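K.L.:
what's the 3D shape of this:
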Amino acid sequence: EAPTLEIRVIENTPRLVYSIDSMVDVVNRWHSVVDAHTGKVLLHYLDHHETSTAAYGVDLLGEGRKFNAWKSDGLHHLVDVMTPVHTGNEDPLVKESAYGDSYVMDLMNTEGESSQTVASASANSGWDPAAVSAIANGMAAFRYFRDVHGRHGIDGRNGNLRFAVHYGDNYGNAFWNGKWMVFGDGGRRLSNLAACTDIVGHEMSHGVITHTADLRYENESGALNESIADVFGALIEGDNWKIGELCANVEPGYVRDLANPHSGMRWQPAHMSEYRSMPNTKEGDWGGVHINSGIPNRAAYLLAEGLTHEARGVSIGREKTGALYYRALTTYLTPTSNFIAMRRALQLAANDLYPGDVTVTQAIGAAFDAVGISEGLDSFDSGGTSAGLAASYTHLNFGDLDVNERKSLPLAFTNNGDTDVVIH
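P.N.:
Down below sits the predicted model:
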């Protein structure tokens, strides 16, 4: 058919384009959109209504969920070619040929040695519940970043969203590996974490962090990485400040609590006086990234709601807190940012988003002061103490502690500077 000259809005930008339709056979009709000035192909997809279909399946919690699937050769594959964006590139089942799509892969209880696209003979039945949970909760996380923060997918450029289920043998965890959000089937302590919106949101947030500040996964920057993922996970779910409450099989019934870090499945510090200096090894949790994250976690809770609830000041609400955290992450944090850098980044974000609103800047100060992240603090990472102050650390093995058990950590301070040392 003859091309038509049109004005189309593509990625929020009006463009003068040629719209071209071409039949390659009696079934397949391709639609292409070409920039009229540069000749660049902006969109190219099969205009074939039986390829992308609406689907329905039951998730791990027994709830019915709607999603999109791709129909090919009599099977419906859990590939959403409409999200993050409908580009209409080549067949999405040809590895890495498509862009702007969402995939759910079945790792078949291997660690990646075997995999296949999740599929069903019917669009409305027969779907793997773990895959349904992954895509449905993943879309909730995607929509949060898109609708609330204007972000186009994990990479900010509408790149593919990749989910993998059935990792390993009764693997009771989930992780972001730099490209995929991966979920095991769970074990004694945790069930399949794909069921939890906040944990799927947590893993997607790790991807956003990778493509923005890229916080190093060690010591304070790594704990900050974990904390920011927890904050966004809680905001995505929106109900409370607990993480993983629908996936926990043992007491206390959730994995972590931003409001009360002491109370989770694994005890976390809630104040810098409780900070744990740990080896930067796998056995040491890369400097305690999953442990010391409790400190900035509580600061985030106080900023959003806790200052008001605990009569410590005036909180600013979830919406403003999310806006500040996203602005800080995408504009001011760097790979080596530590806890005090997070406080300063939020203050800078407040100046950008809410100029002249002293209630916001005061709330940031009060929230971080309450957990001991105050101006004058440099870092509690080994070798990262404030100028003029040397400290020797005694490393303890906390791996066998009960949830509420505490031990003292002896510290020997030598003041090499002119500033008085005050130990709380």
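
K.L.:
how many other residues sit next to the nearest residue to residue 305 once chain neighbours are set aside?
P.N.:
Sequence neighbours aside, residue 315 is the residue nearest to residue 305 in space, at 4.9 Å (criterion: C-beta to C-beta, 6 or more residues apart in numbering). Every residue, glycine included, has its C-beta placed from N, CA and C. Residue 315 has 22 neighbours, counted by other C-beta atoms under 10 Å.

K.L.:
ok, the one 3 residues further on next?
P.N.:
The number of residues packed near residue 318 is 17, by other C-beta under 10 Å.

K.L.:
my guess is it meets residue 306, correct?
P.N.:
No. Contact between residue 318 and residue 306 fails when scored by C-beta atoms under 8 Å: they sit 11.6 Å apart.

K.L.:
I figured the residue nearest to residue 305 was touching residue 299, is that so?
P.N.:
No. With the criterion set as C-beta under 8 Å, residue 315 and residue 299 do not qualify as a contacting pair; they are 11.5 Å apart.

K.L.:
list residues touching both of those two?
P.N.:
With C-beta atoms under 8 Å, 6 or more residues apart in numbering applied, the overlap between the contact sets of residue 315 and residue 299 consists of residue 367.

K.L.:
which phi and psi does the residue nearest the centre of the chain have?
P.N.:
The chain has residue 205 as the residue nearest its centroid, 1.4 Å off, counting by C-alpha atoms, centre = their mean. The main-chain torsion angles of residue 205 are listed as degrees, to the nearest 10 and equal phi -60, psi -40.

K.L.:
got it, and residue 354?
P.N.:
Taking degrees, to the nearest 10, you get phi -130, psi 60 for the backbone angles of residue 354.

K.L.:
next, count neighbours for it.
P.N.:
Using other C-beta under 10 Å, residue 354 has 16 neighbouring residues.

K.L.:
and it, how far from residue 308?
P.N.:
Here the distance between residue 354 and residue 308 works out to 17 Å (C-beta to C-beta, to the nearest Å).

K.L.:
for residue 352, same thing?
P.N.:
When distances are taken as C-beta to C-beta, residue 352 and residue 308 turn out to be 24 Å apart.

K.L.:
same question for residue 206.
P.N.:
From residue 206 over to residue 308 (counting by C-beta to C-beta), the distance is 29 Å.

K.L.:
so between the two, which is more surrounded?
P.N.:
Comparing residue 206 with residue 308 by other C-beta under 10 Å, the one with more neighbours is residue 206, at 24 against 15.

K.L.:
check contacts around that one.
P.N.:
With the criterion set at C-beta under 8 Å, 6+ apart, residue 206 makes contact with 176, 225, 229.

K.L.:
next step: those residues restricted to strands.
P.N.:
Among these, DSSP state E puts residue 176 in strands.

K.L.:
just the closest of the contacts of residue 206 to residue 83, please.
P.N.:
Ranked by distance to residue 83 (C-beta to C-beta), the contacts of residue 206 are led by residue 176 at 18.3 Å.

K.L.:
how much space between the closest residue to that closest one other than its chain neighbours and residue 314?
P.N.:
With C-beta to C-beta, 6+ apart as the criterion, residue 176 has its nearest non-adjacent residue at 3.8 Å, and that residue is residue 206. When distances are taken as C-beta to C-beta, residue 206 and residue 314 turn out to be 31 Å apart.

K.L.:
I figured residue 31 hits residue 19, correct?
P.N.:
Yes. Counting by C-beta under 8 Å, a contact exists between residue 31 and residue 19, whose distance comes to 7.5 Å.

K.L.:
show me what the helix or strand containing residue 67 is in contact with.
P.N.:
Using DSSP states H and E, residue 67 sits within strand 64-72. Applying C-beta under 8 Å, 6+ apart, the set of residues contacting strand 64-72 from outside is 50-59, 76-83, 91-93, 120, 123, 132-133, 135-136, 139.

K.L.:
partner strands of that strand, with direction?
P.N.:
Sheet partners assigned to strand 64-72 using DSSP bridges are listed as strand 52-58 (antiparallel), strand 75-77 (antiparallel).

K.L.:
my read is residue 91 is in a helix, agree?
P.N.:
No. Residue 91 sits outside any helix when classified using DSSP: H, G, I helix; E, B strand; the rest coil, being coil.

K.L.:
separation between it and residue 75?
P.N.:
Counting by C-beta to C-beta, the gap between residue 91 and residue 75 amounts to 13 Å.

K.L.:
overlap in contacts, those two.
P.N.:
Jointly contacting residue 91 and residue 75 under the rule C-beta under 8 Å, 6+ apart is no residue at all.

K.L.:
now do the contacts for residue 360.
P.N.:
Residues near residue 360 by C-beta under 8 Å, 6+ apart: 316, 320, 324, 350, 354.
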